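Chemist: For reference, the sequence and a predicted model appear below.
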Amino acid sequence: MKIMLHHSSSSSLLFKMNSSLLTIVWASILSLIIFQVHQVSSLFCYSCVSTTPGCTLEQVSWWIYSSITCPESDDKCIKIIEQDGADIRVTRDCLSNVMSLRDDVPADRFEGCRSAAQNPKRAVHVDNAIGELDLKKSSFINTTYCFCEFDQWCNGSSSRNSTWTILVTIFMLLVYWI
């Protein structure tokens, strides 16, 4: 048995089916995004060394260096200021990227600046006649570590803010299309 529909009723039926299908698709996409975005919690930091242009003691040129995402969930942005007389070297990065390379990171890593930890056992059992190698890393007299999470150079995003931003955006798109 074949049902014949008028042209106008078939197009409205087709429109209703398409809109309900579209709603189901958008609801599925929205639920996937909500369940995936709850894991987003990252900190954005600059990563540069003052031996390259645009990275100075006072500022970073955002035209040259974009922010990097720190890999750890409880990470901090770090600025290392190494000074010997008039020579100053500044390194900016995430704390987790620096931890494996340096052994003078202070134990107190709260917000603020503090001097580097001393390591008296560094290169004790090494007989080095080549002074340029600097195994004891004594070329810089004063080393200061600055940690930050909430400063203007330290951009954080919480999962709740990301989820609400995505939800509002999708809601506005749904309202616009429907």
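Modeler: Noted; the coordinates are in hand.
Chemist: quick one: low-confidence ranges for the protein?
Modeler: 1-22, 24-41, 120-126, 131-139, 151-168 (pLDDT under 70).
Chemist: switch the cut-off to 80
Modeler: Residues of the chain meeting the criterion pLDDT under 80: 1-42, 118-140, 150-178.
Chemist: can you map out the strands along it?
Modeler: Remark: strands assigned in the chain by DSSP state E are 42-45, 48-49, 68-69, 77-84, 87-94, 112-115, 142-148, 155-157.
Chemist: Please identify the deepest-packed of those.
Modeler: Mean neighbours per residue, mean count of other Cβ atoms under 10 Å, is largest over the strands of the chain for strand 42-45, with a mean of 22. For the C-beta atoms, the positions are set from N, CA and C on the backbone; glycine is no exception.
Chemist: Render the CA-only coordinates of that one in CSV, please.
Modeler: Extracted as CSV, the C-alpha positions of strand 42-45 are listed here (Å, rounded to 0.1, in the frame of the first residue of the first chain):
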residue,chain,number,x,y,z
SER,A,42,46.4,24.0,31.3
LEU,A,43,48.7,26.9,31.9
PHE,A,44,50.2,29.0,29.1
CYS,A,45,53.7,30.3,29.5
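Chemist: sorry, back to before: closest one to Glu58 among the strands of the chain?
Modeler: strand 87-94 (9.2 Å; Cβ to Cβ).
Chemist: Give the pairing partners of the closest one; include direction for each.
Modeler: The sheet places strand 87-94 alongside strand 48-49 (antiparallel), strand 77-84 (antiparallel), with pairing taken from DSSP bridges.
Chemist: Out of those, which is closest to Arg102?
Modeler: With Cβ to Cβ, the closest approach to Arg102 among these belongs to strand 77-84: 7.8 Å.
Chemist: the inter-axis angle of that closest one versus strand 142-148?
Modeler: 170 degrees (axes from the mean of the first three to the mean of the last three Cα atoms, to 10 degrees).
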